[in-house]
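Asks: what shape does this take:
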Amino acid sequence: MQQYTTTNIRLPREDLKQLKYEAVRENKSVAALIREVIKQRVLGVRAQSKEGKISFWDLPKYAVKTGYRHLARDADKIVYGGK
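Replies: Down below sits the predicted model:
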């Protein structure tokens with residue numbers, strides 16, 4: 001069994017509110033969501049389904065709001081450069 005250590009972090013209220021919202025949306029505890037993000041970001045572990053692959057239907061969970069209105073249209077220009 002894995003042993004855990006308790007720690008405290010300070011977050012802006014709005015960030016904590018969003019974190020709680022995401023945890024509820026993904027049916028996870030806030031602690032589980034934080035551990036998952038740490039594994040993805042710091043340890044480089046990708047989230048996987050039981051079969052070991054990310055399902056097409058899981059993609060919205062990993063989407064990031066960029067604020068870029070035409071991201072899909074301009075994806076090739078962004079990735080490969082161009083006019």
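Asks: CA atoms for contacts and neighbours, from now on please.
Replies: Fine.
Asks: give me the low-pLDDT residue ranges for the chain?
Replies: For the chain, the stretches with pLDDT under 70 are 44-66, 82-83.
Asks: quick one, helices of it?
Replies: 13-25, 30-41, 59-62, 71-80 (DSSP state H).
Asks: out of these, nearest to residue 4?
Replies: Among the helices of the chain, helix 30-41 comes nearest to residue 4, with 10.8 Å by CA to CA.
Asks: and the closest one, what does it pack onto?
Replies: helix 13-25 (3 or more CA pairs under 8 Å, 6 or more residues apart in numbering; DSSP states H and E).
Asks: of all the helices of the chain, which lies closest to residue 2?
Replies: helix 30-41 (12.9 Å).
Asks: among the helices of the chain, which comes closest to residue 3?
Replies: Comparing these by CA to CA, helix 30-41 comes nearest, at 13.2 Å.
Asks: go through the closest one and flag the buried ones.
Replies: Residues of helix 30-41 classed as buried by neighbour count (16 or more other CA atoms under 10 Å): 30, 33, 37.
Asks: again with stretch 5-25
Replies: Buried residues in stretch 5-25, counted by 16+ other CA under 10 Å: 19, 20, 22, 23.
Asks: quick check, the second one in contact with residue 28.
Replies: Spelled out, that is residue 20. No - using CA atoms under 8 Å, residue 20 makes no contact with residue 28, being 9.3 Å away.
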